[in-house]
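**Student:** The following comprises the amino acid sequence and a computationally predicted model.
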Amino acid sequence: MPGEVMDVAEVFAILRRRSWVLAVSMFVGLSLAVLYLLSVTPRYAGTAEIVLQRTSNVVDQESVAATSDSDTSEIATEVQILQSVSLAREVIETLGLDEDEEFVGSDEPSPIGSLMEQIGLAGLLGGSDEDEDATSENATRTALGGFQDRLTVQRKSLTRVVDVTFRSEDPDKAALIANAIADTYIDRQVRSKLETNANANRWLAERLYGLRDELQAAEERVAIFRAERNLVGADGGLLNEQQISELSAQLIRAQADLAEREARLDRVRSLIDSGGDPATVLEVVQSGTIAALRRQRAEVVRRRADLQSRYGRRHPEIIKVDQEIDDLEDEISEEVTRITSSLENEVAIALERVKSLEAGLSTLSARSSTNNTDMIELRQLQREADAVRAVYESFLARFQGTSQASLFETADARVIGRAEAAISPDWPNSRLVLAAAIALSFIVGFAGAFVAEEFDNGINTVAEAESALQLSVVASVPTIDRNKVTLWPTIGPKEGLNLRGTKRREVNLFAESWRSCFGSVSSLLGRPSTSRVILMTSSIPGEGKTFSSLCFAQELAANGHSVVLVDADTRLASLTAWLRESSDLKEQIENRTEQSAGIIEYLEEGLALEEVIVSGDKPAVDVVPCVGQSRSPMKLFLSKRFEELLNELRKYYDYVVIDSAPVIPIADTRILAPQVDLILMVVRWRKTPIRVLQRALKFLNDPNATQAAVILSQVNPREKRFDQNGGLYYGSNYYK
């Protein structure tokens, strides 16, 4: 039912019912997996291990002492280089992979090419050197595509070790290519460094010659200027300027510090004046005292909320807690005031320091009232010479370092594990493929089982019927060929149903189901002190209500009760038609048909009861057939005449069984329902949708006002899952 939670037992019950879906899914999945494993060519993996590390240069003291830690971006860059097209092309050319069939396919000409060669037209399609070069380039590109598809470069966790894995149909070839990639990568690093150093040395040498001339000219200009202006050393003027420079720097820092402190003080004052929260100021935020007070206040506020939820706002404890909050806020305000006073003192001190520095700077400036032009020019010349000297010395040191490094250059990586030929294929992984196929097939089958269950809206078990319809199930009748069932008057009432040509177990199961039905109905109705009227119906046609009416009536007769079976299906008269064709009462039914003596004639024309009743030679089940047609069947069952019919039948029979029309398509049954003692709703097992049944019961107005029960018809007794989930065949093993 919608909204109900499915338990584990119900899940397993669904899987048992839909086991064929799971089996088909598993079979198809495993078959596809096996076909896939048989169709693909296995590949073997060869893996070479490379460690990426910044190697030290023995001629570079800083490099020798340094320990390089390659970060993630650097390692990711090297991984991309290992997968680059240029490196792959170099390996392909070195190993001649552009002529390997595994990478470029077979060299055998196509059928068209062979035909062209045979008729001597191959040269017309291209035989020049340019075509050969184009063919070679195409082969290299084709090999490059296959090469990169088989190559995997992956970093090992967070280490600086990189695995270079190559897969091939030949394990030796896979190991060979993986090692070739690693060796080529390291050789390219060394060649790149040597080439870079050579280019740097040539450029540094040229630059050094120019810097040497510039340095010599700058030093000569300084020497000449000193000699001409008689400036052979430092004097008081230089010292004075140095002091002014240092004092100016201190004044700038002091002014900046003063401005910062004044800004913070103004911020606090403005917040206080505007009623804002000064706690956003850094000094207030960093105050340990305020932090502790705020924690205390938060704890008290939390306690107040707890007390308020239990006692209400006017409780004495709430008032006490409010007082604590006010005290804490006062303490926080006092602490903020103290911090503000501290800021004011700091501003005053910073202001005094600025004034002191300004006074000292004024004094030094007064001493240097005149500008020493010669000293300014000398310093300018000296700075130019020093700058040229620094650049020259730097280039000279770099030139010497690169010259020595060219003599001993190593790569920033090394091979720590060479690839070896694999014993077993790396791809496809048979176990993984089969495990994935099993898991996926199970998931698909599992989902398919629930989808099939969702689309199956029929009743599967007695428990489902009772839960969905809120009615008791009085019997679950196994399916059987009804043409093998012999009805009265061939047999007596004590012999029960007679089934010909069926297996003994099927006979026993079918007969026992109606005995169970009789027992359940007797329990529902209690010990009969008066005659009982039982209405046999269904929600839609084709559920076996007419056949069930016949079997149930005969079971009542077999237990010694007088029974009359009334065909109230005035539209189809299926009960009368069945008796006319398949029972020993067919001659009497034909006589009633010729005489137009049935239930319709009784109700419309006022015939006597004995004129319409059909009975056998032996005391079994009497029948009120339906042989005519009525223009307004509904009025028949609403008439007083029908009520008199039921009263007359109650006088002479213990049970009156009425076979009526289906509830949903025909409205007659809805009129009959309030006039009977028990309604037996025949439901076809696993076929009749639950919603249809619920709608049919709703059409019967209030089925609870008249007792109602369910008969499950055409059940397959071989399905043990029905027995295990609330069926009525717990003892089916007895019927062998």
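**Tutor:** Received the coordinates, thanks. Numbers count the residues shown, from 1 in each chain.
**Student:** which SSE is residue 565 in?
**Tutor:** For residue 565, the enclosing helix or strand under DSSP states H and E is strand 563-567.
**Student:** Show residues contacting that strand.
**Tutor:** Strand 563-567 is contacted from outside by 549-550, 553-554, 556-557, 573-576, 598-599, 613, 620-626, 649, 652-659, using Cβ atoms under 8 Å, 6 or more residues apart in numbering. All C-beta spots, glycine's among them, are computed from the backbone N, C-alpha and C.
**Student:** quick one: the most centrally placed residue in the chain from residue 22, how far?
**Tutor:** Central residue of the chain (Cα atoms, centre = their mean): residue 443, 13.3 Å from the mean position. Distance of residue 443 to residue 22, computed by Cβ to Cβ, to the nearest Å: 10 Å.
**Student:** Residue 269 too?
**Tutor:** From residue 269 to residue 22 the distance is 79 Å (Cβ to Cβ).
**Student:** Which one's more surrounded, those two?
**Tutor:** Per other Cβ atoms under 10 Å, whichever of residue 269 and residue 22 has more neighbours is residue 22, with 18 against 14.
**Student:** Once you drop chain neighbours, what's closest to that one?
**Tutor:** Nearest non-adjacent residue to residue 22, counting by Cβ to Cβ, 6 or more residues apart in numbering: residue 445, 3.7 Å away.
**Student:** That neighbour - how many residues pack around it?
**Tutor:** The tally of other residues near residue 445 (other Cβ under 10 Å) stands at 23.
**Student:** host element of it?
**Tutor:** Using DSSP H and E, residue 445 sits in helix 430-455.
**Student:** In that helix, which residues are buried?
**Tutor:** 433, 434, 437, 441, 444, 445, 446, 448, 449, 450, 453 (16 or more other Cβ atoms under 10 Å).
**Student:** likewise stretch 294-311?
**Tutor:** Within stretch 294-311, the residues scored as buried using 16+ other Cβ under 10 Å are 296, 297, 300, 304, 307.
**Student:** residues in contact with it?
**Tutor:** Contacts to stretch 294-311, defined as Cβ under 8 Å, 6+ apart, come from residues 315, 317, 318, 321, 322, 324, 325, 328, 329, 332.
**Student:** what's the closest of these to residue 257?
**Tutor:** residue 332 (28.0 Å; Cβ to Cβ).
**Student:** Just list the residues touching the spatially closest residue to the closest one that is not a sequence neighbour, thanks.
**Tutor:** Excluding the flanking residues, the one nearest residue 332 by Cβ to Cβ, 6+ apart is residue 293, at 5.0 Å. Counting by Cβ under 8 Å, 6+ apart, residue 293 touches 328, 331, 332, 335.
**Student:** Pretty sure residue 343 sits against residue 263.
**Tutor:** No: when contacts are counted by Cβ atoms under 8 Å, residue 343 is not listed as touching residue 263 (10.2 Å).
**Student:** Among those two, which residue is more densely surrounded?
**Tutor:** Between residue 343 and residue 263, counted using other Cβ under 10 Å, the more crowded position is residue 343 (21 against 11).
**Student:** how close does that one sit to residue 257?
**Tutor:** 13 Å.
**Student:** Repeat that for residue 22.
**Tutor:** As defined by Cβ to Cβ, residue 22 lies at a distance of 80 Å from residue 257.
**Student:** Please name every helix or strand in contact with the helix or strand residue 261 falls within.
**Tutor:** Using DSSP H and E, residue 261 maps to helix 236-274. With contacts defined as 3 or more Cβ pairs under 8 Å, 6 or more residues apart in numbering; DSSP states H and E, the packing partners of helix 236-274 are helix 282-285, helix 316-367, helix 373-405.
**Student:** centre of the chain versus stretch 217-224, how much separation?
**Tutor:** With Cα atoms, centre = their mean, to the nearest Å as the basis, stretch 217-224 stands 80 Å off its chain's centre.
**Student:** residue ranges with poor pLDDT in the stretch 251-400 of the chain?
**Tutor:** In the predicted model, the stretch 251-400 of the chain carries pLDDT under 70 at residues 271-287, 312-313, 364-375.
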